[in-house]
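In: this one's sequence-less:
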């Protein structure tokens, strides 16, 4: 007659239960799409213009002064009607708006100026891994994950499209990761995961 060995199941359950709280405290909570979207919007509000960026400057009711596209020169300046050279690099769009408004006030009454950054050529995002063209991409103000993947030429045959990662540095807080599931996105699901990208973001395709 064979002896019966004691079951290990109760012991395994006990160990698993004991380790569960520890696992919960060591796993890093991933940010939600809403948190990352809000972070990007705030960052772009404080974005500082750099050389080679392309701006759109509009002056209300003064189309002759409005500039659909003007590039920031390597010396950090732009050319603007009536004002000649205006320094733009290092300023936020709102700071540049204030300067243009003040200087235009010498020529027109109560100018209403709008400054929009159309292309952020001085900053880049990086697409790495199983895409057709790896490397840096000039960041546009409205660039999202799907845009970066398209500009990189799309996926290579063995890419894991359901596990694309966005890695973002948060200064002293260290990097955070966010998952983008391409297959669910093209099916019209989890559309909020197509977040705005920030300068320095890395899109990694395993």
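Out: Thanks, I have the structure now. Source: prediction; values computed, not measured.
In: Can you tell me which helices and strands the longest strand along the chain packs against?
Out: When the chain is parsed with DSSP state E, its longest strand is strand 113-129. Where contact means 3 or more Cβ pairs under 8 Å, 6 or more residues apart in numbering; DSSP states H and E, strand 113-129 is packed against strand 54-59, helix 93-104, strand 135-140, helix 145-151, strand 202-205. Quick note: C-beta positions are derived from backbone N, CA and C, even for glycine.
In: What average pLDDT does the longest one get?
Out: For helix 93-104, the mean pLDDT works out to 96.
In: Buried residues, the helix or strand harbouring residue 86. List them.
Out: Assigned by DSSP states H and E, residue 86 belongs to strand 84-87. Within strand 84-87, the residues that qualify as buried by neighbour count (16 or more other Cβ atoms under 10 Å) are residue 86.
In: quick one on the thing from earlier: which positions in the longest strand of the chain come out as buried?
Out: 113, 115, 117-123, 125-127, 129.
In: mind putting the residues you listed in JSON lines, distance to residue 166 and pLDDT included?
Out: Shown next, in JSON lines, are the buried residues of strand 113-129 (distance: Cβ to Cβ, whole Å; pLDDT from 0 to 100):
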{"residue": "113", "distance to residue 166": "34", "pLDDT": "96"}
{"residue": "115", "distance to residue 166": "28", "pLDDT": "95"}
{"residue": "117", "distance to residue 166": "21", "pLDDT": "89"}
{"residue": "118", "distance to residue 166": "23", "pLDDT": "86"}
{"residue": "119", "distance to residue 166": "21", "pLDDT": "85"}
{"residue": "120", "distance to residue 166": "17", "pLDDT": "85"}
{"residue": "121", "distance to residue 166": "21", "pLDDT": "87"}
{"residue": "122", "distance to residue 166": "21", "pLDDT": "87"}
{"residue": "123", "distance to residue 166": "16", "pLDDT": "87"}
{"residue": "125", "distance to residue 166": "9", "pLDDT": "94"}
{"residue": "126", "distance to residue 166": "11", "pLDDT": "96"}
{"residue": "127", "distance to residue 166": "10", "pLDDT": "97"}
{"residue": "129", "distance to residue 166": "12", "pLDDT": "97"}
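In: Done for today, thanks.
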